[in-house]
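J.: after the sequence you'll find the predicted model.
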Amino acid sequence: MHATARRLVRVVPRNVLNVAEEQIYHRPRPQIEDIRQPTVIDMLEQKKVEAGAAWPTNIRIERQLTKDVFKDVVPDVRSLLKKMTKER
């Protein structure tokens, strides 16, 4: 005999399981609040503005370059520019 879904699946009534109410987990809260929190770069830029001339000159804060920055560049030059902007 071959195993079929009908032979493998058995429906068990919920009252037989004896599941306590405490064991049923509620769905997690939406993470929208986490998205709206400032990033580390945002906080550092704010500290840099607040410090003004007292900010150390050897600390540099730069945002990550996205594809939108390079979309108007000629394709032959684009790869060279991407390599130049990456730190080694």
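T.: Good, I have the coordinates.
J.: any idea whether residue 27 is helix, strand or coil?
T.: Of the three states, residue 27 takes coil under DSSP: H, G, I helix; E, B strand; the rest coil.
J.: which ones are touching residue 65?
T.: When contacts are counted by Cβ atoms under 8 Å, 6 or more residues apart in numbering, residue 65 touches 82, 85. Backbone N, C-alpha and C define where each C-beta goes, glycine included.
J.: let's see that with 6 Å instead.
T.: With contacts defined as Cβ atoms under 6 Å, 6 or more residues apart in numbering, residue 65 is in contact with residue 85.
J.: one more: the one 5 residues further on?
T.: Residues counted as contacts of residue 70 (Cβ under 6 Å, 6+ apart) are residue 78.
J.: measure it to residue 76 for me?
T.: With distances taken as Cβ to Cβ, to the nearest Å, residue 70 is found 12 Å from residue 76.
J.: what do you get for residue 84?
T.: Residue 84 sits 14 Å away from residue 76, taking Cβ to Cβ as the criterion.
J.: same thing with residue 45?
T.: According to Cβ to Cβ, residue 45 stands 34 Å off from residue 76.
J.: pick out whichever of the two has more residues nearby.
T.: residue 45 (14 against 7; other Cβ atoms under 10 Å).
J.: contact partners of the helix or strand hosting that one?
T.: Remark: residue 45 resides in helix 40-51, with elements defined by DSSP states H and E. Counting contacts by Cβ under 6 Å, 6+ apart, the residues outside helix 40-51 that touch it are 55, 61.
J.: rerun that using 10 Å as the cut-off
T.: Residues outside helix 40-51 that contact it (Cβ atoms under 10 Å, 6 or more residues apart in numbering) are 37, 38, 39, 54, 55, 56, 59, 60, 61, 62, 63, 64.
J.: burial check on the last one, number of neighbours?
T.: Looking back up the chat, that one is residue 64. The criterion is other Cβ under 10 Å. On that basis, residue 64 has 7 neighbouring residues.
J.: same thing with the second one?
T.: Taking other Cβ under 10 Å as the neighbour definition, residue 38 ends up with a count of 10.
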